[in-house]
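1. Fold the following, please.
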Amino acid sequence: MKPLVGSISRSRRSPDRGASPPAAQWALIAVAMLFAALFLVLPLLNVFAQAFAAGFGPYWSALRDPDTASAIRLTLLVAAISVPLNAVFGLAASWAIAKFEFRGKALLLTLMDLPFSISPVVAGLLFVLLFGAHGLLGRWLEVHHVKILFALPGMVLATIFVTFPYVARELIPIMRAQGREQEEAALTLGAGGWTTFRRVTLPSVKWGLFYGIVLCNARAMGEFGAVSVVSGHIAGQTDTLPLRVEKLYNEFDPVAPFAVATLLALLALVTIAIKTFLEWRSRRES
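-> Just a heads-up that it's a prediction; the model follows:
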């Protein structure tokens, strides 16, 4: 027994080979913090510094500009239409993919990832080729006086396309991890499909749903590429906040583009705060 005890004591004294040395840990933390400071924190602080460089008066005047106010209203309207539609799609798609087996399931998952692999500018161009004057449906739309491009419908469609995976991709892993036992038990006890979804499925995924909606809303309000292609950049009519920032910057305005950009920066900060809160509540309940 003595050799065995000696080997155990030596094994306890030996360092864990899987653990990183303290110097390596601090080096990795320092690199990560330096990267975040250089590429995230400093640009964000610079936006606010430039916005308030001439004082609060010019900053407030830039935000009160009629074209900027119109861009704010349009951004909120596009998000208010596209986010609920994506939430409904995300719930339906994730429920079908996680709870059922059907033909075309792999194809549906592949199509859901399409916006992640296609440039937003290319996505906007696809809508131009489809709804443009010389596009596939352009002639029919012109005859029936239906305006898609350079108007709200085209901007909503482009926003939905680039944001529709967010809710579903948050819910699918959660629903798969939960399995189907609770739904099957509810159906066995006599509950209908809608009652099972409302009383069993939806409460169990509510935090993941809120998290996906927050990310979807942030992307919808900050989308530039696809919306830029289909909007036409009409000041006061089809300019969203990101498009308004670009237009003001190209006009060499020293304050206005940064003033408008602070709204998007605040949106990002609010999104991070809500994301952190939702993660905390989810961990607390689990």
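2. residues contacting Ile213?
-> With contacts defined as C-beta atoms under 8 Å, 6 or more residues apart in numbering, Ile213 is in contact with Val83, Ala87, Val167. For the C-beta atoms, the positions are set from N, CA and C on the backbone; glycine is no exception.
3. and the second one, what element?
-> Assigned by DSSP states H and E, Ala87 belongs to helix 66-99.
4. Quick one: mean pLDDT over that helix.
-> Regarding helix 66-99, the rounded mean pLDDT is 92.
5. what does stretch 233-243 give?
-> Rounded mean pLDDT across stretch 233-243 is 90.
6. Can you give me the buried ones in the helix or strand Leu267 falls within?
-> According to DSSP H and E, Leu267 maps onto helix 256-285. Residues of helix 256-285 classed as buried by neighbour count (16 or more other C-beta atoms under 10 Å): 256-265, 267, 271, 274, 278.
7. same for the helix holding Ala87, what does it pack against?
-> Contact partners of helix 66-99 among helices and strands, from 3 or more C-beta pairs under 8 Å, 6 or more residues apart in numbering; DSSP states H and E: helix 105-112, helix 152-163, helix 165-178, helix 206-222, helix 241-250, helix 256-285.
8. how about the ones you listed in a markdown table, adding distance to Pro58?
-> Formatted as a markdown table, the helices and strands packed on helix 66-99 follow (distance: least, C-beta to C-beta, whole Å):
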| stretch | distance to Pro58 |
| --- | --- |
| helix 105-112 | 44 |
| helix 152-163 | 29 |
| helix 165-178 | 36 |
| helix 206-222 | 24 |
| helix 241-250 | 12 |
| helix 256-285 | 8 |
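9. among those helices, which is nearest Ala92?
-> helix 165-178 (8.6 Å; C-beta to C-beta).
10. Let me know the next secondary structure element after that closest one.
-> helix 181-188.
11. need the next SSE after the lowest-mean-pLDDT helix or strand in the chain, C-terminal direction.
-> Within the chain, confidence by mean pLDDT, DSSP states H and E is lowest for helix 2-13 among all helices and strands, at a mean of 47. Per DSSP H and E, the first helix or strand lying C-terminal to helix 2-13 is helix 22-36.
12. quick one: that next one to chain centroid distance?
-> Relative to its chain's centre, helix 22-36 lies at 28 Å (C-alpha atoms, centre = their mean, to the nearest Å).
13. model confidence over it, on average?
-> Across helix 22-36, the average pLDDT comes to 89.
14. what number of residues lie near Ala27?
-> By the criterion of other C-beta atoms under 10 Å, Ala27 has 12 neighbours.
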